[in-house]
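> Provided below are the primary sequence and the corresponding predicted coordinates.
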Amino acid sequence: MNDITVGCPLGPRVLAVTPTEDYKLFLTFTNGERRIFDAEPLIKITAFRPLADKTFFQSVRVAYGTVLWPRGIDYCPDTLYNESAPETGR
């Protein structure tokens, strides 16, 4: 028997991303919300250390409903949503 949960709704997915110089991501989600994710804590994690290079960090793009960098570095869209804050204007 398969342990996959069927019918469990997914959270909002990422439609657009804009990186900042201070390791934040401005995100637009499929539910229309615009949120800000602070990615700076990620660079302390071995798998995400390449993000410390600001040029590399700026190369982020949207793919498959989440954010993706070269070398196959991505981040869970549910975590992006849950750990981000609503955008209050730029």
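That came through, no problem.

> what ranges does the chain have for its strands?
Counting by DSSP state E, the chain has these strands, from start to end: 14-19, 24-29, 34-38, 61-63, 66-69, 73-75, 85-86.

> other residues contacting stretch 13-31?
For stretch 13-31, contacts defined as Cβ atoms under 8 Å, 6 or more residues apart in numbering pick out 12, 34-40, 43, 51, 54, 57-58, 60-62, 65-67, 77, 80-81, 84, 87, 90. Any C-beta I mention is one placed from the backbone N, CA and C, and that applies to glycine too.

> which among those residues count as buried?
Buried members of the contacts of stretch 13-31, scored by 16 or more other Cβ atoms under 10 Å, are 12, 34-37, 39, 51, 57, 60, 62, 65-67, 77, 80-81, 84.

> now the helix ranked longest in the chain: average pLDDT?
Assignment by DSSP state H gives helix 77-82 as the longest helix of the chain. Here helix 77-82 scores 96 as its mean pLDDT.

> try stretch 27-35
97.

> start at 23, not 1
From this message on, residue numbering opens at 23, which makes the last subject stretch 49-57.

> buried ones in it?
Neighbour-count burial for stretch 49-57 flags L49, T50, F51, R56, R57 (criterion: 16+ other Cβ under 10 Å).

> how far is it from where the chain is centred?
11 Å (Cα atoms, centre = their mean, to the nearest Å).
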